[in-house]
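Asks: Build me a structure from this.
(one chain, ligands or ions: 1)
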Amino acid sequence: MSQLSRRKFIVTAGSAAAGSLLLKGCLGNPPSATNVGSPQAAAPASPAAGAAPETTKVKLGYIPIFESAPLIIAQQKGFFAKHGMTEVEVSKQANWGSARDNVEIGSAGGGIDGGQWQMPMPHLISEGLITKGNKKIPMYVLAQLITQANGIAIANKHLGKGLHTKLNESAVAYIKGLKTSGTPFKAAYTFPKANQDFWIRYWLAASGIDPDADISLLTVPAAQTVANMKTGTMDAFSTGDPWPARISQDKIGFMATLTGQMWKFHPEEYLAIRADWVDQHPKATRAILKGVMEAQQWCDQPENRDELATILSGREFFNVPAAVLKPPLAGKYEMGDGQPAVDDFKMGPLYWKDDLGSVSYPYKSHDLWFITESVRWGFLPASTLDDAKRIVDTVNREDLWKAAAKELGVPDADIPKSTSRGIETFFDGIKFDPENPKAYLDSLKIKRV
Ligand code: CA
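Replies: Reported below is the predicted structural model:
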């Protein structure tokens, strides 16, 4: 967006925010559990007219893991409709590659306008790095959907080898030995160069295993991970709940680590939409954000988690028994392999707030970590760090999140004052200071830069 049009947009957004604040009494109250009515039912028609979104339709893709819950809940419980988005389609994607292909063509071409993303997919799509013909499709990151609720699962054949959060010397020797004997340890992620790839790499590298030299990495779609581990296609995988938790529930394998044990309250997946769609539909974008925020607040209430499990378990969504979803939604994980079980709500999926700040707000410092980690592994050239501020400032629209939060009446205390969450600390003691990503890279032993 040019400086001029951005300024014009901010002015427009500002006046819309002022107008809708007057309506807060009508629109700002959370619906009851059974309220799935239209916004017309919730507010008088005339004052709402000025705040009406430019369109009532949007198509948002999702992958059936806990990360998608705010999108599914916003649609199923009427939070999108409450804000005037009465025709939101949440569309299950076969895998991350399909989601990328579908956002390239957009909803007009039968694809999607945006939805749930691993990081830094929106940045890579915007820069034309993972698109067909390297076409740049500008996207905006609008909100974080979730923290935690991901894990690394290991097949049963590796029981008793010490493959836990921190690997001891014999566990490291065991994994390296598999490579030497011609049967390298095969670890799967759901899409290369994004979250799950980063979690596997960080976990192994922290203990001295080079993921590019000492093991094999492969891509497996999230919903196929359990089947693939049963048939022995892979030794480990990293993905979102409920799939890693299901491995230990079904006694096919065990959990090496929860991602929350590697990096408590870490950035996970995000809502991002094509920039052209957002620029054409600023009010609809804020309406979507308000719906997602209310859904995240709803999802975060412990008393709603059983109902959340029931909704997500539906045939059209995850298509798994609710009983599989309930333990991880309550922060209960059977780790297996002699490790203590985890029973802590704050180690499970969190959607609105955590102990470090907002879950929903998209901190720019987290975008920068994903770009820095991409540089670490040679996915992006080292020079990208010099350009990182431009990339993050172009893609991350935390300003739109804040505008929507104010319209919704989110208390000031829940709206971060800084675009940085500050220094991040990992389980191996490594720190990431967003003010100095080079120092973080320097502190890492295993890297491609
Ligand atoms: Ca994930």
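
Asks: From Ile311, how far off is the residue of the stretch 301-449 of the chain found nearest the ion?
Replies: Using CB to the ion, Pro349 is the residue of the stretch 301-449 of the chain that sits closest to the ion, at 10.3 Å. (Each C-beta comes from the backbone N, C-alpha and C, glycine too.) According to CB to CB, to the nearest Å, Pro349 and Ile311 sit 14 Å apart.

Asks: Also Leu368?
Replies: Distance, Leu368 to Ile311, by CB to CB: 34 Å.

Asks: tell me the pLDDT at the spatially closest residue to Ala187 that is not a sequence neighbour?
Replies: In space, and not counting its chain neighbours, Ala187 is closest to Ala236: 4.2 Å by CB to CB, 6 or more residues apart in numbering. pLDDT, Ala236: 96.

Asks: Next, Ala236: phi, psi?
Replies: phi -150, psi 150 (degrees, to the nearest 10).

Asks: tell me which residues form a beta bridge with it?
Replies: Ile154, Ala187 (DSSP bridges).

Asks: count of neighbours near it?
Replies: For Ala236, the count of nearby residues is 27 (other CB atoms under 10 Å).

Asks: for it, what are its contacts?
Replies: Neighbouring residues of Ala236 by CB atoms under 8 Å, 6 or more residues apart in numbering: 152-155, 158, 163, 185-188, 200, 256.

Asks: tell me, what residue is most central in the protein?
Replies: In the chain, the residue lying closest to the centroid (CA atoms, centre = their mean) is Glu269, at 0.8 Å.

Asks: how much space between the closest residue to it other than its chain neighbours and Asp101?
Replies: Leaving aside its sequence neighbours, Glu269 sits nearest to Glu67 (CB to CB, 6+ apart; 4.0 Å). Separation of Glu67 from Asp101 (CB to CB): 19 Å.

Asks: Ok, Ile72 next?
Replies: Counting by CB to CB, the gap from Ile72 to Asp101 is 22 Å.

Asks: likewise Asp386?
Replies: The value you get for Asp386 to Asp101, if CB to CB is used, is 31 Å.

Asks: Which residue of the two possesses the greater neighbour count?
Replies: Comparing Asp386 with Asp101 by other CB under 10 Å, the one with more neighbours is Asp101, at 16 against 9.

Asks: For the more buried one, I want the exact helix or strand it lies within.
Replies: helix 96-105 (DSSP states H and E).

Asks: Equivalent analysis for Asn228, please.
Replies: Element membership for Asn228, per DSSP H and E: helix 225-230.

Asks: Average pLDDT for that helix, rounded please.
Replies: Averaged across helix 225-230, the pLDDT comes to 89.

Asks: Alpha carbons only: can I get it in CSV?
Replies: Provided in CSV are the C-alpha atoms of helix 225-230 (Å, rounded to 0.1, in the frame of the first residue of the first chain):
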residue,chain,number,x,y,z
THR,A,225,0.4,-38.2,10.3
VAL,A,226,-1.2,-40.9,12.5
ALA,A,227,-1.7,-43.3,9.6
ASN,A,228,1.8,-42.8,8.4
MET,A,229,3.3,-43.5,11.8
LYS,A,230,1.2,-46.7,12.1
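
Asks: If you count neighbours, what's buried in that helix?
Replies: For helix 225-230, a neighbour-count test (16 or more other CB atoms under 10 Å) marks 225-226, 228-229 as buried.

Asks: and Val58, what are its bridge partners?
Replies: Note on Val58: beta-bridge partners by DSSP bridges are Val88.

Asks: Touching, it and Gly106? I think so.
Replies: No. Judged on CB atoms under 8 Å, Val58 makes no contact with Gly106 at a distance of 10.9 Å.

Asks: which residues of this protein score low on pLDDT?
Replies: Across the chain, residues meeting the criterion (pLDDT under 70) sit at 1-50.
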